[in-house]
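**Q** I'll drop the sequence and a predicted model, then ask my questions.
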Amino acid sequence: MPQIKEQRILDYVLQNAVKGDPQSVVDAIDKYCSEKEWAMNVGNEKGLILDKIVSETNPSTALELGTYCGYSGVRIAQLLKPGACFLTVEKNPVHAAIAKQIFEFAGVQEKIKILEGSSEEIIPQLKSKHKVNTFDFIFIDHWSDRYTPDTKLLEECGLLKQGSVLLADNVIYPGAPDFLQYVRNCSRYECTNYPSHLEYMDKEDALEKAVFKG
Ligand SMILES: O=C(NCCCCCn1ccc2cnccc21)c1cc(-c2ccc(F)cc2)cc(O)c1O
Ligand SMILES: [Mg+2]
């Protein structure tokens, strides 16, 4: 019995999903986490909203803050056009290692680059060290108290352009009240709320989309 939940999730995927089939990996994680052990993946209900917004944006450049086991990374990667650049930031090295193996099993590893570290140290390095200009799409799913400072940091680092789409998870539960206040009261963002539920639970949650107006 692997000692940590994330290793058990990986093992379940390796034994129950189809190698090279991203959707089977997503479905296996959802099955395990709804039937066996809850985990903080965005889940299928919010995941379908994520899919719709990624498809509508059709990003050439995408960033994710909060990789965890790679569930949302696989969902996003399978929707990206060939040649798109997708970076995902994970502070926890154990989770990053699990996500790497999930991406490889799903067959999306060529589309995703995992950056290990905290958002506040990585965001300022993105232009210089990772040859990024601006992001078309950003999925925010890390510590909720970093949502606002990191949004401001992305602005200050010139990583947003007119039309950049920010999509934040958990704005209701656990909640990101200061982020909602910031983007909804800042004239530089057009916001849309997508009510949903906490992954694998009946508790209310929501995604918030904030489009940068430049
Ligand atoms: O905490 C969550 N996510 C954040 C984890 C990332 C922390 C570390 N980290 C990763 C990248 C990174 C970059 N910079 C700094 C730190 C960084 C989360 C929690 C819940 C949740 C928990 C308990 C409960 F009872 C109900 C719900 C549900 C979610 O969907 C979540 O996403
Ligand atoms: Mg989340």
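**A** That came through, no problem. Ligands and ions are numbered 1, 2, ... in the order given.
**Q** okay, helices next: where are they in this structure?
**A** In the chain, the segments counted as helices under DSSP state H are 5-16, 22-35, 43-57, 71-77, 93-106, 119-122, 126-130, 147-156, 177-185.
**Q** and the second one, how far from the chain's centre?
**A** In this case it means helix 22-35. Its chain's C-alpha centre and that of helix 22-35 lie 16 Å apart, by Cα atoms, centre = their mean, to the nearest Å.
**Q** buried residues in that helix?
**A** P22, S24, V25, V26, D27, A28, I29, D30, Y32, C33 (16 or more other Cβ atoms under 10 Å). Where C-beta positions appear, they are placed from N, C-alpha and C, glycine not excepted.
**Q** that one near ligand 2 at all?
**A** No - on the criterion Cβ under 5 Å from the ion, helix 22-35 is out of touch with ligand 2, staying 12.3 Å away.
**Q** what's in contact with that helix?
**A** By Cβ atoms under 8 Å, 6 or more residues apart in numbering, the residues outside helix 22-35 that reach it are 8-9, 12-13, 16-18, 39, 41, 43-44, 47, 69, 71, 74-75, 77-78, 102, 105-108, 199-200.
**Q** any figure for the gap between the nearest residue to L180 once chain neighbours are set aside and ligand 2?
**A** Leaving aside its chain neighbours, L180 sits nearest to V171 (5.7 Å; criterion: Cβ to Cβ, 6 or more residues apart in numbering). Distance, V171 to ligand 2, by Cβ to the ion, to the nearest Å: 10 Å.
**Q** state the pLDDT value of V171.
**A** On the pLDDT scale, V171 is placed at 99.
**Q** surely it is in contact with E204?
**A** No - at 10.7 Å, V171 does not count as touching E204 under the criterion of Cβ atoms under 8 Å.
**Q** settle it for me: which of the two has more neighbours?
**A** Set side by side, V171 and E204 show more neighbours around V171, with 23 against 11, by other Cβ atoms under 10 Å.
**Q** residues contacting the more buried one?
**A** Neighbour list for V171: F179, L180, N193, D205, A206, L207, E208 [criterion: Cβ under 8 Å, 6+ apart].
**Q** residue numbers of this structure in contact with ligand 1?
**A** Neighbours of ligand 1 within the chain, by Cβ under 6 Å from any ligand atom: 40, 65-66, 89-92, 118-119, 141-143, 146, 169-170, 174, 198-199.
**Q** try 8 Å this time
**A** Proximity of the chain to ligand 1 (Cβ under 8 Å from any ligand atom) is limited to residues 40-43, 65-68, 89-92, 95, 117-120, 122, 141-144, 146, 150, 169-170, 173-174, 198-199, 201, 203, 205.
**Q** and R75, how far from Q23?
**A** Applying Cβ to Cβ, to the nearest Å, the value for R75 to Q23 is 9 Å.
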